[in-house]
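Q: Provided below are the primary sequence and the corresponding predicted coordinates.
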Amino acid sequence: MTIKSKHLLIGLAVAFTITVVVITGPRQSVAASVEDVAMMKSADRQKILIEGAKKEGKLMWYTTLIVDQVVRPVKEAFEKEYPFIQVEFYRGNAENLVRRMLAEYQAKRYDVDLIDGTVSPVMAQRAGLLQRFYSPLLAEYPAELKDSQGFWGSTNLYFLTPGYNTRMVKLNELPKTYQDLLNPRWKGQMMWSTSRGSGAPIFIGNVLISMGQEAGKAYLQRLKGQNIAKSTASNRQILDLTIAGEFPIALHIFNHHAYISKTAGAPVDWYAIEPVTATIQTIALAKNTPHPHAAMLLLDFVLSEKGQKVFQQSNYLPAHPKVPAKQADLKPGGGRFSKALYMTPDIQFDKGNEWVDYFQNQFLK
Amino acid sequence: MAKQPSSETYDLPVDSHPVPQARRIFGLSIFTRFAAETWVLVVVAVVTAYLVLPPLYSVIQTSLFTTKLTGELDEFTLSYYRDMFRELQVLGPFLNTVYFSVGSALLATLLGGLVAWIVTRTDSPLRGLGYFTAFASFGTPFILYTIGWLLILGKAGPVNSWLRVFLDHSGPVVNVYSMWGMVFVEALLWSPFVFLLLAASFRSMDPSLEEASAVCGARVWQTLRRISLRLMLPAFFSVLLLIFIRAFESFEIPALVGLPGDIRVLTTSILLDAQRMPPTYGRAGAFAVLLMLVVACTLYFYFRMTREASRFHTITGKGYRPALIQLGGWRYVTAAGLLLYSFVLLVLPFLIVLWASLLPFYIQPSLEAISKFTLKNYVTAIHFPKITDSIKNSILLGIGSASAVMVLTTLASWILVRTKLRGRWLLDLLTTLPLLFPGIVMGLAIMRFYLLVPIPIYGTLWILLVAFVTRYIPYGIRYTHSGLLQLHRELEEAAYTSGSSWLDTMRRITLPLLTPSFLGGWVFIFLLSAKELSMSILLVSPQTPVVSVAIYELWENGQVGELAAFGVIWTVILVSVAITYYLIARRYGIQQH
């Protein structure tokens, strides 16, 4: 090695060290008062949040919501209200968001401020990566739509029902109850997804909870004989296969998807078998959020009636009890169904593995 | 590259061994060559080890430890291996996996090989179609390609409805959710890879051997079977090995096509394991480690088999431009074959995707549906967040990873084929291992590595480039290795004896002669990297979106039509880039027939 290249190497090493110090240095000082900001209840809370947020200037939201449909409208509405905050987001599915957050926290890299999803916040909470928060708006929500310990609130709801091809199945023939699904007429005619959070496993969970373990298992053993086709495709794609006529019934799909396609003229509709499986889109604050003030303002916003109307206008089903869905009958009490079984993130996390195993052991050949 | 006088092509091969005296006489050039050899070895080994070893370590670690909720390693365990061996004892999934991988490898090799032979070695009309079909079909996003076939061959699809009318049958005639459906789709997906690799090898075939065979009175097919195919053993081994492994460990096609028909393979339970919370990849890791051992053995024997590299030399100092086989009346049959191949591999799936992209919701092909045509899906696709950035990034990454991989693997292959260094098969193994890393485990490993080491590429395009280069080394090595095996040492020896340096020899002799393999590999990796998903999905940041992740988002959340519109746009872009590159390269690199 020549002397010149040695100098170069030393130079590079120094440059690296400086870069590392610059990159990792200032972060810790910001994170110090996260808990104080998150739990603040004082009268001048809003004022303090705004002042702090002005200094922070931005926030990072790890989201499972669909950018085009709802993240962007929420961002726009929020930035209109607080023009000094820039909302940045990273979209991914629940597992990927949590994996990313875990890896970043292990490396002490704190980028994320908010994380949402039907189970991702709880996964992060169990790993100890969430900060409890207080928002005055949480009081407007019923108990099942907020965490008892204050780790999460909810923005919107999902209801999982059967969808069917209206050219292949007539309204009066539909299997209206869980028992009707056992009719030999439907053998080989139904498809469901393998997805833990919206497919066969959570359907199994619904049956086991609503019928009770023993009766539920007996029922599932009979359902097994119906040879329901399994697919790793998403629920949206399974519904599209039903529209294409591949399978007359998609057993467990999001009812608003069927509604959207029906409005476009597709030969498809949804109907409820009660209790309907319901999942909750929750949102939570990261433990070492680098922008706590801005993050709290966004939390307040999405939980408020004003923020909830943005979800409503985007054809999502708002969680707030006073904000109906744009198409009201997609939510319980809207005229098409009344009983829903809310699968809270905690139930999904604690029982989900059992349901996945049951599906894998019993329904897979 | 100089054209050889055609009279020489009729010489019978006399002696294909190098002249040993030359080395001793020209001691100086030998010295510089050995220095170059050592340097190349050091650089290639260090770069490869840097890329491959951290993920390898991670894969092994994943298979031996449980994970805590926080993602940290917990306790040492052998349970993943126990689970795997228990699963291996259940015959059904194991046999299904074997049928699927053997079937796909054979069918893909047969299809791709036949087309490669027609395109490169015969005077069949429509030969240009072969390359176009390979590029274009490989450019189609894989999910879309599969969905396309499900829609074509599905119960309600056009094939079944025509067959029903034709055969006067009441139920569906063809069931795509079956073993043959899986093999069919997988083999079609891989046949362009076979085509590109074998076409490169066929192009570099030594004509003298075939001509000798012809002179001795052998028929075309006899020559093909006893001379051409045997000379191409390394190339055939490469494609069979790669496709077999890829099919063995793949879960996409088995899940999308096989699972609805209750066909379970070994990877099915690995796939469903990812649904557990916290997600564990122990079984995926254990499965990968087992496969690595199997592949290590295979490579060892393959290496012993091709150690006598001279047996496979087809490009010698004598004219190597192979003569085209005159097919006579058979030209029409082969032309029809090419048309059929192109139709099945490309036109049919593309048409159904195009069809889906023009409809507000999917309707089986019919006149009635045409009245519903709309461009709405294209509007949605064009407005997809950061779409232009995604396209730019994906193309940059494709060009970057294809170039880096091909340069690295050309050098690595040169060491494997040209030098006598002991244990160099380990380098072959090292460059093949990334094939076996489960994408998700490898993505996690790379993400963690660059979060921990002070090399600030996390969240940039560079981390994706590192990941892609690592992932695609195995493909590059198979292209360049089989290409280089065909290149007789005497050409390089001639350059050395004429006083040329190693670099000059590489630049002016080896690389130009290797062009067909190099280009084939480049295009293949370019197209492959544009599809990469399992690592990209973890490694992209808000600032570095890529197309494959956008397609996945649409696949998870969008409607079939939106996904199809996006796919059509992307296929057109990719194919344009690949064809432009190929045309330029052909103009400056390869001679045309």
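A: Cool, the structure landed. Numbering: from 1, shown residues only, chains lettered A, B, ... in the order given.
Q: Can you name the next helix or strand after the helix or strand where B:Phe524 lies?
A: Assigned by DSSP states H and E, B:Phe524 falls within helix B:511-529. Per DSSP H and E, the first helix or strand lying C-terminal to helix B:511-529 is helix B:536-539.
Q: Mind giving me the packing neighbours of that next one?
A: helix A:94-106, helix B:439-452, helix B:461-485, helix B:547-557 (3 or more Cβ pairs under 8 Å, 6 or more residues apart in numbering or on different chains; DSSP states H and E). (Each C-beta comes from the backbone N, C-alpha and C, glycine too.)
Q: quick revisit: could you give me the average pLDDT of the helix holding B:Phe524?
A: Per-residue pLDDT over helix B:511-529 has a mean of 86.
Q: so what does it touch, helix or strand wise?
A: helix B:128-139, helix B:179-203, helix B:387-418, helix B:461-485, helix B:560-588.
Q: Figure out which of the ones you listed is closest to A:Ala107.
A: Nearest to A:Ala107, of all the helices and strands packed on helix B:511-529, is helix B:461-485, at 13.1 Å by Cβ to Cβ.
Q: Specify the angle between whichever helix or strand comes after that closest one and helix B:511-529 in degrees.
A: Counting by DSSP H and E, the next helix or strand C-terminal to helix B:461-485 is helix B:489-497. For helix B:489-497 against helix B:511-529, the angle by axes from the mean of the first three to the mean of the last three Cα atoms, to 10 degrees is 120 degrees.
Q: pretty sure B:Val47 is touching B:Leu408, no?
A: Yes - using Cβ atoms under 8 Å, B:Val47 makes contact with B:Leu408 at a distance of 6.2 Å.
Q: quick one: which of those two has more around it?
A: Here B:Val47 and B:Leu408 are compared on neighbour count by other Cβ atoms under 10 Å in any protein chain shown; more neighbours surround B:Leu408, at 22 against 16.
Q: Using the three-state scheme, assign the nearest residue to B:Leu167 once chain neighbours are set aside.
A: Leaving aside its chain neighbours, B:Leu167 sits nearest to B:Val173 (6.1 Å; criterion: Cβ to Cβ, 6 or more residues apart in numbering or on different chains). Following DSSP: H, G, I helix; E, B strand; the rest coil, the label given to B:Val173 is coil.
Q: For B:Val173, which residues are in contact?
A: Residues in contact with B:Val173 (Cβ atoms under 8 Å, 6 or more residues apart in numbering or on different chains) are B:Asn160, B:Leu163, B:Arg164, B:Leu167.
Q: picking up where we left off before, can I get the helix holding B:Phe524 in PDB, CA atoms only?
A: The C-alpha trace of helix B:511-529 is given here as PDB (Å, rounded to 0.1, in the frame of the first residue of the first chain):
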ATOM      1  CA  LEU B 511     -15.000 -10.200 -23.200                       C
ATOM      2  CA  PRO B 512     -15.900  -9.800 -26.900                       C
ATOM      3  CA  LEU B 513     -16.100 -13.600 -27.300                       C
ATOM      4  CA  LEU B 514     -18.300 -13.800 -24.100                       C
ATOM      5  CA  THR B 515     -20.700 -11.100 -25.400                       C
ATOM      6  CA  PRO B 516     -23.700 -13.300 -26.000                       C
ATOM      7  CA  SER B 517     -23.600 -14.800 -22.500                       C
ATOM      8  CA  PHE B 518     -22.800 -11.400 -21.000                       C
ATOM      9  CA  LEU B 519     -25.700  -9.700 -22.800                       C
ATOM     10  CA  GLY B 520     -28.100 -12.500 -22.100                       C
ATOM     11  CA  GLY B 521     -27.300 -12.400 -18.400                       C
ATOM     12  CA  TRP B 522     -27.500  -8.600 -18.300                       C
ATOM     13  CA  VAL B 523     -30.900  -8.400 -19.800                       C
ATOM     14  CA  PHE B 524     -32.200 -11.200 -17.700                       C
ATOM     15  CA  ILE B 525     -30.900  -9.600 -14.500                       C
ATOM     16  CA  PHE B 526     -32.300  -6.200 -15.500                       C
ATOM     17  CA  LEU B 527     -35.700  -7.700 -16.000                       C
ATOM     18  CA  LEU B 528     -35.500  -9.800 -12.900                       C
ATOM     19  CA  SER B 529     -34.500  -6.900 -10.700                       C
END
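Q: That helix versus helix B:128-139: what angle between them?
A: Interaxial angle of helix B:511-529 relative to helix B:128-139 (the same axes, to 10 degrees): 40 degrees.
Q: how near is the closest residue to B:Gly112 other than its chain neighbours to B:Pro260?
A: Among residues not flanking B:Gly112 along the chain, B:Val194 sits closest, at 2.7 Å (Cβ to Cβ, 6+ apart). Per Cβ to Cβ, to the nearest Å, B:Val194 is found 28 Å from B:Pro260.
Q: again, but for A:Ala233
A: 9 Å.
Q: Same question for B:Glu532.
A: 26 Å.
Q: The most centrally placed residue in chain B: what's it in contact with?
A: Nearest to the mean C-alpha position of chain B, counting by Cα atoms, centre = their mean, stands B:Phe193 at 4.8 Å. B:Phe193 sits next to B:Ala108, B:Gly112, B:Phe138, B:Val239, B:Leu242, B:Ile243, B:Tyr475, B:Phe524 when contact means Cβ under 8 Å, 6+ apart.
Q: Roughly how far does it sit from chain A?
A: Distance, B:Phe193 to chain A, using Cβ to the nearest Cβ, to the nearest Å: 24 Å.
Q: ditto for B:Ala36
A: B:Ala36 is 18 Å from chain A, by Cβ to the nearest Cβ.
Q: wait, doesn't that residue sit right on B:Trp502?
A: Yes - assessed by Cβ under 8 Å, B:Ala36 is found in contact with B:Trp502 at 3.4 Å.
Q: So for the two, which residue has more residues nearby?
A: Shown here are B:Ala36 and B:Trp502; by other Cβ under 10 Å, B:Trp502 has more neighbours (21 against 15).
Q: What part of chain B, helix or strand, is modelled with the least confidence?
A: Lowest mean confidence among the helices and strands of chain B (mean pLDDT, DSSP states H and E): helix B:21-25, at a mean of 43.
Q: Not including adjacent chain positions, what is the nearest residue to A:Ala284?
A: Nearest to A:Ala284 is A:Pro121, by Cβ to Cβ, 6+ apart, at 3.8 Å.
Q: next structured bit after the helix or strand harbouring the one you found?
A: Taking DSSP H and E as the definition, A:Pro121 sits inside helix A:120-126. The first helix or strand that comes after helix A:120-126 along the chain, using DSSP H and E, is strand A:130-131.
Q: Give me the neighbour count for B:Cys216.
A: 9.
Q: A:Thr166 contacts A:Asp269, correct?
A: Yes - shown here, A:Thr166 and A:Asp269 form a contact pair, counting by Cβ under 8 Å, at 5.6 Å.
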